[in-house]
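>>> Next one to model:
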Amino acid sequence: MTPSRILIVEDERIVAEDLKMTLITSGFDVVDIVKRGEDAVERARELMPDLILMDIHLAGTMTGIEAAEQIHLFSDIPIIYLTAFADAQMLQRVKVTQPYGYILKPYQEREIQSAIEIALYKHEINRKLKESEERFRTLLSSMQLGIVVIDPHTHTILDVNQKGLEMIGGTKDVILGSLCHRFMCPAEPGRCPITDLGQTNDDSECFLITADGKKLQIQKSVIPATLSGNQVLIESFIDITPLKLTEKTLKCANKKLNLLNSITRHDILNQLTVLFLKIGMTTDKIHEPEMARFIQQIQHIGENIQRQIMFTRDYQDVGVKTPVWQDVGLSVREAIKDINTGYVAVTVDIASVEIFADPLLPKVFYNLADNAMRHGETITQITFRCERYNGDMRIICEDDGVGVPERLKKGIFTREYFKNTGFGLNLSREILAITGLSIIENGEHGKGARFEITVPEGMWRSA
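Numbers count the residues shown, from 1 in each chain. The predicted structure follows:
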């Protein structure tokens, strides 16, 4: 290990030589001895020692205290003062230069060694702390999130990064020292979620009041932290005003499209009603078998069109409303209550589990049960259940019917394949995909169908 390099500043030659021998004996490297304050500044700049032992009263016009002040202008070299005087006025002047030690003459060798080791240790700790703070400030400045540091006791703003300044629109002189409620939590003094309401963090939407009184809708996150040994709150925030405006525009557009769809669907169904009436009147007057079959085919085509039009009514709101947390068991029971299951037993074996999904989630479970009833043929049992797998949640719907042939397992979720409710499986997949959920069919043909919905970690929770 390289010995620490010490510069001795002492105008008494005997004392200086004694210090040198003491330091060498203790394992330190004495890089030089000077007796004037001016020389101390010059040699400190040239040699950049690890520590300076500085006598306060020196030869020349500059005192040790003045020399320390000059050295601190270009370096934070730790300084330990040596003096034969300890009056109150002297101590007050010494404190201003923030020394790492203060030793009275005459001194003991062990006292010198201990003071230097402690000073070097404290300086290293302070250096690491300073580097950490500098990295933190660089990180704050470079982030594209607004960030403020808040005193949890007074709720005043201690620091703010550049992005935060840009969003608030003021200067540091105006913002620092202000109550965070003035900008970040308007109308909520005394109700801080962390310091007043006992929360461990605060993730929420609110309004930021800019320096000129404008409102920005923001998503904010507040966490408690420790900086330089002090407890603080770090609040990060991002402007979501453009996002909210886009959401509002999309909702308005969807509302108009839904209205147009509703009007169009109503008109088409009215025309189909007239078509069926005309077909019924025509059927009574046709006696040729070939023509009767032709009319019957037209009837079936019209019924398919009618069924598909009615299907669009059920699913015109897919993705329109904001996803919400929903109880899986309640959603399944709500979905199957209107299905005539007859002799088929339906079991819902699902504990208290919630998933984050589109509000049309019950339609997914309705389609699964309805699909089983329509195509199960030999079906007697439908079961809904949940199981965990590597952090994910799986929602399973299985039956004891004929199952799905291997060649059709993927096709049943596409628009190209449909048989009465084929579109329902396609839309079910789209409803789930809105929040990152997926569905597959992995049953064994001949033993029953098995639909498996995978809910990723973070998108489900225990109710």
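
>>> So for the protein, the centremost residue is which one?
Residue closest to the mean C-alpha point of the chain, counted by CA atoms, centre = their mean, is residue 221 at 8.0 Å.

>>> these two touch, right, that one and residue 206?
No: here residue 221 does not reach residue 206: they are 11.2 Å apart, not a contact under CB atoms under 8 Å. No exception for glycine: its C-beta is placed from N, CA and C like everyone else's.

>>> Show the average pLDDT along the lengthiest helix in the chain.
Scanning the chain for the helix with the most residues, using DSSP state H, yields helix 241-283. When pLDDT is averaged along helix 241-283, the result is 75.

>>> What segments of this structure are helices?
Along the chain, counting by DSSP H, helices occupy 13-25, 37-47, 64-71, 88-96, 109-142, 162-168, 172-175, 180-183, 241-283, 289-314, 328-336, 361-375, 422-433.

>>> Residue 119: neighbour count?
By other CB atoms under 10 Å, 21 other residues sit near residue 119.

>>> Identify the residues contacting it.
51, 78, 80, 100-101 (CB atoms under 8 Å, 6 or more residues apart in numbering).

>>> Which member of the residues you listed is positioned nearest residue 35?
Nearest to residue 35 among the contacts of residue 119 is residue 80, at 16.9 Å by CB to CB.

>>> Show me what that closest one bridges to in the sheet.
residue 53, residue 101 (DSSP bridges).

>>> Then residue 347?
Bridge pairing for residue 347 - DSSP bridges - gives residue 383.

>>> measure it to residue 341 for me?
11 Å (CB to CB, to the nearest Å).

>>> what touches both of those two?
residue 382.

>>> Please say which of these two ends up with more neighbours.
Set side by side, residue 347 and residue 341 show more neighbours around residue 341, with 14 against 10, by other CB under 10 Å.

>>> Now do the contacts for the more buried one.
Residue 341 makes contact with 369, 373, 382 under the criterion CB under 8 Å, 6+ apart.

>>> I'd assumed residue 372 was in contact with the last one.
Yes: proximity of residue 382 to residue 372 meets the contact threshold set by CB under 8 Å, at 5.2 Å.

>>> Now for residue 196, how many residues are close by?
Residue 196: 12 surrounding residues under other CB under 10 Å.

>>> try the one 4 residues further on
By the criterion of other CB under 10 Å, residue 200 has 8 neighbours.

>>> try residue 375
As a burial measure, residue 375 scores 19 neighbours (other CB under 10 Å).

>>> Local confidence estimate at residue 351?
For residue 351, pLDDT reads 82.

>>> contacting residues for it?
Residue 351 makes contact with 329, 386, 462, according to CB under 8 Å, 6+ apart.

>>> now those: which count as buried?
For these, a burial check counting by 16 or more other CB atoms under 10 Å picks out 329, 386.

>>> of the contacts of residue 351, closest to residue 18?
The nearest member of these to residue 18, counting by CB to CB, is residue 462 at 73.6 Å.

>>> Low-confidence regions, the protein specifically.
86-88, 136-137, 139-143, 185-189, 253-254, 257-261, 307, 310-320, 415-423 (pLDDT under 70).

>>> Which parts of it belong to which domain?
Following automatic domain parsing, one finds the domains of the chain at 5-138, 143-239, 243-295, 324-462.

>>> Now distance to residue 306 too, for those, in TSV please.
Formatted as TSV, the domains of the chain follow (distance: least, CB to CB, whole Å):
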stretch	distance to residue 306
domain 5-138	66
domain 143-239	44
domain 243-295	5
domain 324-462	13
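
>>> do you know which of those domains lies nearest residue 308?
For the domains of the chain, the distance to residue 308 is smallest for domain 324-462, at 7.3 Å, taking CB to CB.

>>> quick revisit: would you convert the helices of the chain into a markdown table that also reports distance to residue 391?
A markdown table is the format used below for the helices of the chain (distance: least, CB to CB, whole Å):
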| stretch | distance to residue 391 |
| --- | --- |
| helix 13-25 | 60 |
| helix 37-47 | 59 |
| helix 64-71 | 58 |
| helix 88-96 | 57 |
| helix 109-142 | 30 |
| helix 162-168 | 34 |
| helix 172-175 | 42 |
| helix 180-183 | 36 |
| helix 241-283 | 29 |
| helix 289-314 | 33 |
| helix 328-336 | 17 |
| helix 361-375 | 21 |
| helix 422-433 | 18 |
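
>>> For residue 322, which of those is the nearest?
Closest approach to residue 322 among the helices of the chain is made by helix 241-283 (8.5 Å; CB to CB).

>>> thinking again about what came up before, which residues do residue 382 and residue 372 both contact?
The contact sets of residue 382 and residue 372 overlap at 344, 397, 399 (CB under 8 Å, 6+ apart).

>>> Rebuild the residues you listed as JSON lines, extending it with distance to residue 94 and neighbour count.
Formatted as JSON lines, the shared contacts of residue 382 and residue 372 follow (distance: CB to CB, whole Å; neighbours: other CB atoms under 10 Å):
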{"residue": "344", "distance to residue 94": "91", "neighbour count": "18"}
{"residue": "397", "distance to residue 94": "80", "neighbour count": "25"}
{"residue": "399", "distance to residue 94": "87", "neighbour count": "27"}
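
>>> residues making contact with stretch 7-23?
Residues contacting stretch 7-23 (CB under 8 Å, 6+ apart): 6, 30-37, 39-40, 43-44, 47, 49, 51-55, 57-59, 64, 67, 82, 105, 109, 112-113, 116.

>>> Swap in 7 Å and give it another go.
6, 30-35, 40, 43-44, 47, 49, 52-55, 58-59, 64, 67, 82, 109, 112 (CB atoms under 7 Å, 6 or more residues apart in numbering).

>>> now stretch 389-409
Here stretch 389-409 has contacts from 328, 353, 355, 368, 372, 376-387, 412, 441, 443-457, 460, using CB under 7 Å, 6+ apart.

>>> quick one: that stretch to chain centroid distance?
33 Å (CA atoms, centre = their mean, to the nearest Å).

>>> Let's see it as PDB, backbone CA atoms only.
C-alpha atoms of stretch 389-409 as PDB (Å, rounded to 0.1, in the frame of the first residue of the first chain):
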ATOM      1  CA  TYR A 389     -47.200 -20.400 -13.000                       C
ATOM      2  CA  ASN A 390     -43.800 -18.700 -12.700                       C
ATOM      3  CA  GLY A 391     -45.400 -15.500 -11.400                       C
ATOM      4  CA  ASP A 392     -48.100 -15.400 -14.000                       C
ATOM      5  CA  MET A 393     -51.800 -16.300 -13.500                       C
ATOM      6  CA  ARG A 394     -53.500 -18.800 -15.700                       C
ATOM      7  CA  ILE A 395     -57.300 -18.800 -16.100                       C
ATOM      8  CA  ILE A 396     -58.500 -22.100 -17.500                       C
ATOM      9  CA  CYS A 397     -61.800 -23.000 -19.000                       C
ATOM     10  CA  GLU A 398     -62.100 -26.800 -19.800                       C
ATOM     11  CA  ASP A 399     -64.900 -29.200 -20.700                       C
ATOM     12  CA  ASP A 400     -65.400 -32.900 -21.300                       C
ATOM     13  CA  GLY A 401     -66.800 -32.600 -24.800                       C
ATOM     14  CA  VAL A 402     -65.300 -33.700 -28.100                       C
ATOM     15  CA  GLY A 403     -62.500 -31.000 -28.000                       C
ATOM     16  CA  VAL A 404     -60.900 -29.200 -30.900                       C
ATOM     17  CA  PRO A 405     -59.000 -31.000 -33.700                       C
ATOM     18  CA  GLU A 406     -55.300 -30.200 -33.800                       C
ATOM     19  CA  ARG A 407     -55.500 -28.700 -37.200                       C
ATOM     20  CA  LEU A 408     -58.000 -26.100 -36.000                       C
ATOM     21  CA  LYS A 409     -56.500 -25.000 -32.700                       C
END
